[in-house]
Each structure stands twice: as C-alpha cells, then as structure tokens.
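In: whatever this is, show me its structure:
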Amino acid sequence: MNGLFGMALALTLSVGAAASAGAQIGIPVGSKAPGAEVHKLDGTAADLSQYVGKSPVLIEFWATWCPVCKKLEPQMLDLAKRYGSRVKFLGVAVSVNESPRRVQLYAEKYGYPYELVFDTDGNAVTAYDVPATSYIVVIDESGKVVYTGQGADQDLEAALKLAM
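Out: Down below sits the predicted model:
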C-alpha cells in the first residue's frame with residue numbers, strides 16, 4: 001500500500017465516517033460489483049470477482065482492532081449461521097495495523113463461520129470506495145450492489161433480503 005493512501009485510510013478508519021443515515025457512502029448502490037485482488041489467509045491470491053454471480057454476497061470490510069466491527073460481530077456471526085447456505089459471507093480484512101496471521105488467530109478465537117481474505121495492497125478498499133471499517137456491501141446474484149452501510153447499527157437481515 002502506498003504511503004499516502006495508507007495514511008489517508010488510517011485517518012479515515014481512526015476518525016470514522018461521518019455519513020448520516022441514508023447518505024450514499026462508498027460504491028454506489030445499483031453498480032456492478034467490481035473485482036479486486038486480495039489474498040486468502042494462507043497467502044494465495046484471490047479476486048473478489050470469484051465470489052460474485054453465484055449467490056448473494058455480503059462483504060464486510062473490517063479489522064480485528066475495530067471497536068465498531070466488534071459491535072457488529074454478533075449480528076454477522078448469527079446471520080452467517082442462519083443464511084450461510086444461501087448467501088456467501090466474506091470478511092475483507094484491511095491491511096492497516098493488521099496481518100494475515102493476526103486475522104486468522106482472531107477468526108479462530110471467535111469462531112468465524114465464513115471466509116476471510118486480506119486486502120494486502122488496498123485493492124478492494126479502493127475498488128469499493130470503502131469509507132471506514134465496518135463497511136458492508138451486499139451484492140445480489142446478478143452481481144449488482146443492492147446495499148451499502150457503515151457502523152454498528154445496520155439492519156443486515158433487511159439488507160440481505162434486498163439480495164434474496
């Protein structure tokens with residue numbers, strides 16, 4: 001990740017997004033979900049496009065150190081258990097103050113039932129115009145973004161229903 005982009009992302013993540021309810025943040029709803037090179041936690045390359053177009057997808061951009069993500073975690077884990085056979089859940093760990101090993105240990109400790117990838121170079125953050133951690137993108141089966149939101153108070157079940 002280049003220095004300027006990394007500093008800007010760190011500032012955004014530490015300060016948080018000031019988006020008001022209903023305001024469009026990040027990738028526009030209605031747009032086609034883009035691909036972006038990421039890495040699986042074992043270091044192998046992957047692309048977000050490989051998860052799109054088979055079923056609805058819920059992507060969370062998060063970090064182990066994010067307090068808002070921690071508040072969102074119970075809802076995410078519950079929904080993944082209830083809808084995981086019909087919806088692909090994917091956690092994209094941002095690379096700010098993070099490592100794949102740390103993400104793996106965290107996922108094991110808290111019993112994450114869905115796949116996590118690491119945004120090594122910030123490609124996914126850039127492609128999805130991510131404003132902060134705890135940013136959620138829901139994509140329908142056709143690959144269209146149907147929901148975006150940020151923060152701990154999102155109704156993710158309602159967001160999923162937009163894609164199902």
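
In: residues in contact with residue 58?
Out: 79, 87-90, 136-139, 156, 159-160, 163 (C-beta atoms under 8 Å, 6 or more residues apart in numbering). Using the backbone N, CA and C atoms, a C-beta is placed for each residue, glycine as well.

In: dump the residue contacts of residue 71.
Out: residue 152.

In: can I take it that residue 152 is in a strand?
Out: No. According to DSSP: H, G, I helix; E, B strand; the rest coil, residue 152 belongs to no strand; its state is coil.

In: and what about the closest residue to it other than its chain neighbours, helix, strand or coil?
Out: Closest residue to residue 152 apart from its sequence neighbours, by C-beta to C-beta, 6 or more residues apart in numbering: residue 71 at 3.7 Å. Secondary structure assignment for residue 71 (three-state DSSP): helix.

In: per-residue confidence at residue 71?
Out: We have a pLDDT of 95 for residue 71.

In: gap between it and residue 134?
Out: Using C-beta to C-beta, to the nearest Å, one gets 8 Å for the distance from residue 71 to residue 134.

In: give the residues shared as contacts by the two.
Out: residue 152.

In: on that earlier part again, just give me the closest of the contacts of residue 58 to residue 149.
Out: Among the contacts of residue 58, residue 136 lies closest to residue 149 (C-beta to C-beta), at 5.1 Å.

In: wait, a strand at the closest one?
Out: Yes. Using three-state DSSP, the assignment for residue 136 is a strand.

In: give me the most central residue, this protein.
Out: Per C-alpha atoms, centre = their mean, the C-alpha nearest to the average position across the chain is that of residue 60, at 2.1 Å.

In: for the helix or strand hosting that one, list the C-alpha coordinates in PDB.
Out: Secondary-structure assignment from DSSP states H and E places residue 60 in strand 57-62. Listed next in PDB are the C-alpha coordinates belonging to strand 57-62 (Å, rounded to 0.1, in the frame of the first residue of the first chain):
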ATOM      1  CA  VAL A  57     -22.800 -11.900  -1.200                       C
ATOM      2  CA  LEU A  58     -22.300  -9.900   2.000                       C
ATOM      3  CA  ILE A  59     -18.900  -8.400   2.300                       C
ATOM      4  CA  GLU A  60     -17.700  -6.700   5.400                       C
ATOM      5  CA  PHE A  61     -14.600  -4.500   5.400                       C
ATOM      6  CA  TRP A  62     -13.200  -4.900   8.900                       C
END
